[in-house]
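[1] Dropping a prediction and its sequence here:
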Amino acid sequence: LAALQVEVRTLAMLRGLLRQLHAACTRLAAGARSLPSSVQETVGHVQHGVEGVQASLSRAHSFHDLSGLVLAQSRETVTWAQLSIDELLEYVGQHAPLPWLVGPFAPALVEYPEDVPVEMAKWEGCITVG
């Protein structure tokens, strides 16, 4: 009886982790719209794979309800998803433009890097149009 309770809790915890992974994939897919189509496709495949694992585990009441093949495929899918996300993060770190990573503060950082002093005196008295 205690072993069954542990199994049920483990399965529930696994489902919760998969929901979190799926939510992260959804946010990643939304953010990847400005990236190359190959990156978007990879995100889509990862999201689809996670959805497949969720579907397989959603019907199970215990691990005995799942075949060894389903468990092996689920493990393989989650491992592949992890590796794919790691590669995507590495790609973004190397190729994404600074404004994409930093947000609304990027123009000031790009136009006026910290090591280049900005002479504000020459701008005094200027009229800004906007």
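    Everything's here; your move.

[2] In this structure, which helix is the longest?
    helix 2-31 (DSSP state H).

[3] Now do that one: which elements does it pack against?
    Contacts defined by 3 or more Cβ pairs under 8 Å, 6 or more residues apart in numbering; DSSP states H and E place helix 2-31 against helix 37-58, helix 68-95. In this view, the C-beta of every residue, glycine as well, is placed from N, C-alpha and C.

[4] What's the mean pLDDT across the longest one?
    Helix 68-95 carries an average pLDDT of 88.

[5] so what does it touch, helix or strand wise?
    Helix 68-95 packs on helix 2-31, helix 37-58, going by 3+ Cβ pairs under 8 Å, 6+ apart.

[6] Next up, the contacts around the residue nearest the centre of the chain.
    Among the residues of the chain, residue 28 comes closest to the average C-alpha position under Cα atoms, centre = their mean, at 4.0 Å. With contact taken as Cβ atoms under 8 Å, 6 or more residues apart in numbering, residue 28 is in contact with 43, 46, 47, 85, 88.

[7] hang on, the fourth one packs against residue 46?
    Spelled out, that is residue 85. Yes: with contact defined as Cβ atoms under 8 Å, residue 85 reaches residue 46; the gap is 6.4 Å.

[8] Of those two, which one has the most company?
    Between residue 85 and residue 46, counted using other Cβ atoms under 10 Å, residue 46 has the larger neighbour count: 25 against 17.

[9] in this structure, what secondary structure element scores lowest on mean pLDDT?
    helix 106-111 (a mean of 49; mean pLDDT, DSSP states H and E).

[10] so how far is residue 64 from residue 34?
    45 Å (Cβ to Cβ, to the nearest Å).

[11] should've said residue 11
    Taken as Cβ to Cβ, the span from residue 11 to residue 64 is 11 Å.

[12] who's more crowded, those two?
    residue 11 (17 against 9).

[13] How many residues are close by residue 14?
    17.

[14] residues touching the closest residue to residue 74 other than its chain neighbours, list them.
    Here the nearest residue to residue 74 in space, its sequence neighbours aside, is residue 53; by Cβ to Cβ, 6 or more residues apart in numbering that works out to 4.6 Å. Going by Cβ under 8 Å, 6+ apart, residue 53 touches 18, 74, 77, 78.
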